[in-house]
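# Sequence and predicted structure are below.
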Amino acid sequence: MNWSLWIRQVHRWLSIIFTAVVVGIFVMLGAGKEPAEWVYFVPLFPLALLMLTGLYMFMLPYASRWRGGRRTSAQE
């Protein structure tokens, strides 16, 4: 599998994990249970990985231009 496609797949799964963790925290709060303090820090790890993979995908078009790669139809 292509490196870029692998990063995109990881980014998708991280977003699902992050969303599930945040929803789980809100469900616990809605049920009247006060979670332990460390539970609030759990979403930070997938969020940091989401930021890294998102920045990588954001920079891909610029990096291909810097390397003299192909151009999109809007730039021709």
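All right, it came through fine.

# Which positions within the longest helix along the chain qualify as buried?
Across the chain, the helix with the greatest residue count (assigned by DSSP state H) is helix 3-30. Neighbour-count burial for helix 3-30 flags 7, 11, 14-15, 17-18, 21 (criterion: 16 or more other C-beta atoms under 10 Å). Glycine gets a C-beta too; all of them are placed from N, C-alpha and C.

# Who are the packing partners of that helix?
helix 44-66 (3 or more C-beta pairs under 8 Å, 6 or more residues apart in numbering; DSSP states H and E).

# got the buried residues for the helix it packs on?
Neighbour counts over helix 44-66 (16+ other C-beta under 10 Å) mark 46, 49-50, 53, 56 as buried.

# Please name the nearest non-neighbouring residue to the residue nearest the centre of the chain.
For the chain, the residue sitting closest to the mean C-alpha position, by C-alpha atoms, centre = their mean, is residue 50 at 2.5 Å. Of all residues beyond its chain neighbours, the one nearest residue 50 is residue 14 (5.0 Å), with distances taken as C-beta to C-beta, 6 or more residues apart in numbering.

# and the one you found, how far is that from residue 6?
As judged by C-beta to C-beta, to the nearest Å, residue 14 and residue 6 stand 12 Å apart.

# cool, and residue 17?
In this view, residue 17 and residue 6 are 16 Å apart by C-beta to C-beta.
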